[in-house]
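Colleague: What shape does this take:
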Amino acid sequence: MLLKGKLTPRRKLLLAIMAVLLLAVAWAGWAGMAATRGIETADMDWNEDGTVTRTEIAQSLYAVTASRERQGPRECTTFRWYRSGEVIRVDCRTVFDTATPASGR
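Modeller: Numbers count the residues shown, from 1 in each chain. Down below sits the predicted model:
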């Protein structure tokens, strides 16, 4: 006996909501939004007042992009406003590659 599940209006609504959320996350990743780039919550202080608010966390989903550039051992992340392209800040750090064996061994 083959059981067929009904696609009730409630299930259709849930499916539609899940599809919209999946599309939103895919767009955020494609657009380079800061939330999809592994930025920690503590680094989302866009107005640099010393506190991270819920609004600033939400802005990382739709209003702030993050792009990483690497020049030798230096890795810089540039944060920009999505619409204007204005730079908010640039965070740089030195990354040592541990995969390369040391010479002289």
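
Colleague: CA only for contacts and neighbour counts going forward, please
Modeller: Will do.

Colleague: separation between the closest residue to residue 33 other than its chain neighbours and residue 27?
Modeller: Leaving aside its sequence neighbours, residue 33 sits nearest to residue 65 (C-alpha to C-alpha, 6 or more residues apart in numbering; 4.2 Å). Residue 65 sits 12 Å away from residue 27, going by C-alpha to C-alpha, to the nearest Å.

Colleague: Looking at these two now, which is surrounded by more residues?
Modeller: Neighbour tally, residue 65 and residue 27, criterion other C-alpha atoms under 10 Å: the higher count belongs to residue 65, 27 against 13.

Colleague: where's the more buried one, which helix or strand?
Modeller: strand 64-71 (DSSP states H and E).

Colleague: quick one: buried residues of that strand?
Modeller: Applying a neighbour-count criterion of 16 or more other C-alpha atoms under 10 Å, one finds 64-66 buried in strand 64-71.

Colleague: What values do phi and psi take at residue 15?
Modeller: Here is the backbone geometry of residue 15 (degrees, to the nearest 10): phi -60, psi -40.

Colleague: Okay then, goodbye and thanks.
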